[in-house]
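Student: Next input, structure requested:
(4 chains, ligands or ions: 4)
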Number of protein chains: 2
Amino acid sequence: MGRGYGRGQGRGHGWGRQLENSGIRPTAARELVFSVMESTPEHLSAEEVLSEVRKAEPGIGLTTVYRSLELLHRNGLVRKFDFGDGRAVFELNDTLSGKGPHQHLLCRRCGRVQDLTGCLGETLPGSMKECIDREHQFTAEEAVIRIYGLCSDCR
Amino acid sequence: MGRGYGRGQGRGHGWGRQLENSGIRPTAARELVFSVMESTPEHLSAEEVLSEVRKAEPGIGLTTVYRSLELLHRNGLVRKFDFGDGRAVFELNDTLSGKGPHQHLLCRRCGRVQDLTGCLGETLPGSMKECIDREHQFTAEEAVIRIYGLCSDCR
DNA sequence: CTGATAATGAAAATCATTTTCATTTTGTAC
DNA sequence: GTACAAAATGAAAATGATTTTCATTATCAG
Ligand SMILES: [Mn+2]
Ligand SMILES: [Mn+2]
Ligand SMILES: [Zn+2]
Ligand SMILES: [Zn+2]
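Tutor: Ligands and ions are numbered 1, 2, ... in the order given. Below is the predicted model of the structure:
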């Protein structure tokens, strides 16, 4: 029956130019997933994205959410993590969110996940890249860092 | 039938004093799992540990291997990682292996995992702990770092 | 040795993610 | 617009690593 889900407020695609001429179709479902990611500062699981997306369009399936998140992830619009609880979580990439590069602090007691900016939040320092290259003949591109400890509530 | 699996060459438990008076029973299966971990420099999945363990004792079950690895991990004898391929891998803790603290380099192309010592291989520098404490009221205890890039074969 | 308790293994259950496949949308060419 | 081929979707089934269940067996203290 339906004629699709509509496309937000008009004026171009929500996910900007990133995928414009990539041959990837900016479908309504994908734009919804992207807009949920865009408007959420936290880390979301696929199920959580689904329930957000369904507020706007109840017909969307979990499979499509997985596929959309994977698509966005492969194209660098969304980061994907595994914080150790057996499911992936996603968040908007640091450039799009304006947060700047960041890493994560995980509380051992309550499980809270906080963003870490500054300190080790930035990308790998150039000196370390050189060291890794020199000592391991490895071209380091990106570091993913998780720091375990106790959050302010738990210590 | 059987009378247990025997216990190596006698003289005390293979896994040292770590679990001596902990109430945890040093069973033959656990000692076998531990000895496999002790004698393997690489990262092993549970299935891989199983097949090693079964060379000495074919009757051992995968369930017991999972339980033993988890036990060793909870007690700090074994590290546990997820390198992103949907299964956990284990390795002897850095003190027991004599390797010293290390992190991991993951090749984006071929998937090779290399140990990283030196550079960022060490534990979090004290200055960073202080920074994290100051700016996030978070007591950092341990950093887990994965660095993605291209290995010597692939670049 | 005996009994109480913990450990084991086979099979079943979980559960997040992926695959399959019939149906629906999209982008493009009339 | 209309027609078509290609891509996307969703429901249901399949996957696959890990966990749970439960009857049996091993371990330890007395
Ligand atoms: Mn984050
Ligand atoms: Mn290692
Ligand atoms: Zn906490
Ligand atoms: Zn490689």
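Student: all contacts plus neighbour counts: C-alpha atoms, from now on.
Tutor: OK.
Student: And A:Arg74, how far from B:Arg74?
Tutor: Using C-alpha to C-alpha, to the nearest Å, A:Arg74 is found at 34 Å from B:Arg74.
Student: How about A:Phe34?
Tutor: 38 Å.
Student: care to break chain A down by domain?
Tutor: Per automatic domain parsing, the domain ranges recorded for chain A read A:15-97, A:103-149.
Student: Tell me which of the ones you listed lies nearest to B:Thr117.
Tutor: For B:Thr117, the closest of those is domain A:103-149, at 9.0 Å, according to C-alpha to C-alpha.
Student: Specify the local secondary structure of A:Pro26.
Tutor: When classified by DSSP: H, G, I helix; E, B strand; the rest coil, A:Pro26 comes out as coil.
Student: Over to the one 10 residues further on?
Tutor: Reduced to three states with three-state DSSP, the structure at A:Val36 is helix.
Student: I'd say it and A:Val53 touch.
Tutor: Yes: the pair A:Val36 / A:Val53 is scored as a contact, 6.7 Å apart, by C-alpha atoms under 8 Å.
Student: In chain A, where's the longest strand?
Tutor: Longest strand in chain A, counting residues (DSSP state E): strand A:139-150.
Student: Report the mean per-residue pLDDT for that strand.
Tutor: Computed over strand A:139-150, the mean pLDDT rounds to 94.
Student: Would you list the strands that it pairs with, along with their directions?
Tutor: In the sheet, strand A:139-150 lines up against strand A:103-107 (parallel), strand B:139-150 (antiparallel) (DSSP bridges).
Student: all strands for chain A, in order.
Tutor: A:44-45, A:78-82, A:88-92, A:103-107, A:113-116, A:139-150.
Student: Which among those strands is found nearest to ligand 3?
Tutor: For ligand 3, the closest of the strands of chain A is strand A:103-107, at 4.6 Å, according to C-alpha to the ion.
Student: Pull the contacting residues for A:Leu92.
Tutor: A:Met37, A:Glu38, A:Thr40, A:Pro41, A:Leu77, A:Val78, A:Arg79 (C-alpha atoms under 8 Å, 6 or more residues apart in numbering or on different chains).
Student: I'd like to know how far the fifth one sits from A:Leu62.
Tutor: For A:Leu77, the distance to A:Leu62 equals 19 Å [C-alpha to C-alpha].
Student: The first one now?
Tutor: With distances defined as C-alpha to C-alpha, the gap from A:Met37 to A:Leu62 amounts to 15 Å.
Student: if we can go back for a sec, pick out whichever of A:Val36 and A:Val53 has more residues nearby.
Tutor: Taking other C-alpha atoms under 10 Å in any protein chain shown, A:Val36 and A:Val53 do not tie; A:Val53 has more neighbours (25 against 20).
Student: With only the CA atoms kept, save the longest helix seen in chain A in CSV.
Tutor: What stands out as the longest helix in chain A, according to DSSP state H, is helix A:62-74. Coordinates of each C-alpha in helix A:62-74 appear next as CSV, following Å, rounded to 0.1, in the frame of the first residue of the first chain:
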residue,chain,number,x,y,z
LEU,A,62,15.2,-4.6,12.8
THR,A,63,17.0,-6.1,9.8
THR,A,64,16.9,-2.8,8.0
VAL,A,65,18.2,-1.0,11.0
TYR,A,66,21.1,-3.4,11.2
ARG,A,67,21.8,-2.9,7.5
SER,A,68,21.5,0.8,7.7
LEU,A,69,23.8,1.1,10.7
GLU,A,70,26.3,-1.1,8.9
LEU,A,71,26.1,1.0,5.8
LEU,A,72,26.6,4.2,7.7
HIS,A,73,29.4,2.6,9.6
ARG,A,74,31.2,1.3,6.5
